[in-house]
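> I need the structure of the sequence given here:
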Amino acid sequence: MFLHKYPDSPTPLPTYPHTVADQAPARRPAPQISVSTGAVAAVLVGGVVLTALLAAVAVTAVSVAVAAVVLRSVLRDQYRR
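Prediction:
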């Protein structure tokens, strides 16, 4: 009842003729990219400067957060008295 029913004579698969390309397409050479030492130095200096700025922002944020906690604690103690 649940078995598959196969045809008595299966039809053959279609055959496609295999054609060989006459010649492989010509590859264009990649353009030469020249990187000067000045460009490399500029990228490195830019990365160092951006990293330093990010670290300065992080340190400032932490110090502001600590100051806010201390100020809140001082004001709360003063309000209770």
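
> name the helix or strand for the residue nearest the centre of the chain, please.
Geometric centre of the chain, nearest residue: Gly47, 17.6 Å, by CA atoms, centre = their mean. Element membership for Gly47 (DSSP states H and E) is helix 37-80.

> cool, and Ala30?
Counting by DSSP H and E, Ala30 is part of no helix or strand.

> can you list the low-confidence ranges for this protein?
1, 6-7, 9-13, 18-25, 79, 81 (pLDDT under 70).

> now do the SS call for Tyr16.
The three-state label given to Tyr16 by DSSP: H, G, I helix; E, B strand; the rest coil is coil.

> report how many residues lie close to it.
Neighbourhood size, Tyr16 [other CB atoms under 10 Å]: 6. Every residue, glycine included, has its C-beta placed from N, CA and C.

> and if you look at Gly46?
With other CB under 10 Å as criterion, Gly46 counts 10.

> tell me, how many neighbours does Ser36 end up with?
8.

> go on, the one 3 residues further on?
Residues within reach of Ala39, counting by other CB under 10 Å, total 10.

> for it, give its distance to Leu50.
Distance of Ala39 to Leu50, computed by CB to CB, to the nearest Å: 16 Å.

> equivalent analysis for Val62, please.
Distance, Val62 to Leu50, by CB to CB: 19 Å.

> Val62: how many residues sit nearby?
Each residue near Val62 was counted by other CB under 10 Å, and the total is 10.

> sorry, that was for Leu54
10.

> contact partners of stretch 36-44?
Contacts to stretch 36-44, defined as CB atoms under 8 Å, 6 or more residues apart in numbering, come from no residue at all.

> output that stretch as PDB, nothing but the C-alphas.
Presented in PDB, the C-alpha positions along stretch 36-44 are these (Å, rounded to 0.1, in the frame of the first residue of the first chain):
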ATOM      1  CA  SER A  36      54.700  53.800  -0.500                       C
ATOM      2  CA  THR A  37      56.300  53.800   3.000                       C
ATOM      3  CA  GLY A  38      54.700  57.200   3.600                       C
ATOM      4  CA  ALA A  39      51.200  55.700   3.200                       C
ATOM      5  CA  VAL A  40      52.000  52.800   5.500                       C
ATOM      6  CA  ALA A  41      53.400  55.200   8.100                       C
ATOM      7  CA  ALA A  42      50.300  57.400   7.800                       C
ATOM      8  CA  VAL A  43      48.000  54.500   8.300                       C
ATOM      9  CA  LEU A  44      50.000  53.300  11.400                       C
END
